[in-house]
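> compute the structure for the input listed below.
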Amino acid sequence: MPKQTLAEDTILEKLNQQADIHGLLKVAIKLINDSVNQLILKVFRKEPHAIKFVIPSLVGKNGPLNDTSVCLKLLYALGIITREDYEDIELLMAILDELEQDDKNYTYLDDEILGPISLLHDMILPPNWNYPPNNLQENGIVDTLKSSMYQNRYQQMIRSALIIAITDLTLRIVNKQEIDYFPE
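Modelled structure (predicted):
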């Protein structure tokens, strides 16, 4: 099995195991953080002096590159990640930060979630995403069971689209690790 397929399967499996948006974003940010940290180590020059003295002071516990936001800025400034990837990761981290500060259990259909995730560059929302799913009576759905089924289906579509967008974003970072930044 190719390495990329294995990585993609692992990412999808971990994301699909999450029951709610908060859990999904926590796992997504952890996967992205791990990928960013590995990429940061990959882009540094691999010479004995750098490995022994410079790199540990930069990426160590108290180092300036111990923060994912700082690492992202460096990777973007060096041209290693694109502006879109940088913006998407920052947006996902901001959404997660908001969720962790709020006690409310959000669903994928809440405006506080749907609005920001619709800004992700890889996010492909269903064609009727801007119709308010809470106004199902206006859409001709008055039966409670049908209404519930419609909302569940719509929520699953949003969740699936988000998982695909996060997987693609994470894979782009993982694939950057295959590049030899300092060929001999």
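
> when you work out contacts or count neighbours from here on, use the C-alpha atoms and nothing else.
Will do.

> quick one: secondary structure of L24?
Taken by DSSP: H, G, I helix; E, B strand; the rest coil, the conformation at L24 corresponds to helix.

> tell me the pLDDT of it.
According to the predicted model, the pLDDT of L24 comes to 97.

> tell me the mean pLDDT over stretch 145-164?
Mean pLDDT, stretch 145-164: 87.

> from now on call the first residue 22
Okay, residue one is now 22; in that scheme the one you just asked about reads as stretch 166-185.

> I'd like the distance from that stretch to the chain centre, please.
How far stretch 166-185 lies from its chain's middle: 19 Å, per Cα atoms, centre = their mean, to the nearest Å.

> need the longest helix for the chain.
Longest helix in the chain by number of residues (criterion: DSSP state H): helix 165-197.

> name the helices or strands packed onto it?
Packed against helix 165-197 by the contact rule (3 or more Cα pairs under 8 Å, 6 or more residues apart in numbering; DSSP states H and E) you find helix 24-37, helix 42-64.

> from the middle of its chain, how far away would that helix be?
12 Å.

> next, the angle from it to helix 24-37.
Relative orientation of helix 165-197 versus helix 24-37 (axes from the mean of the first three to the mean of the last three Cα atoms, to 10 degrees): 140 degrees.

> for the helix or strand P137 falls within, packing partners?
When elements are assigned from DSSP states H and E, P137 belongs to helix 132-138. In terms of contact count using 3+ Cα pairs under 8 Å, 6+ apart, helix 132-138 is assigned the packing partners helix 104-122.

> the helices and strands packed on helix 165-197: lowest mean pLDDT?
helix 24-37 (a mean of 86).

> quick one on the thing from earlier: quick check: which of the helices and strands packed on helix 165-197 is buried the most?
Each of these was scored by mean neighbour count; the highest is helix 42-64, a mean of 19, by mean count of other Cα atoms under 10 Å.
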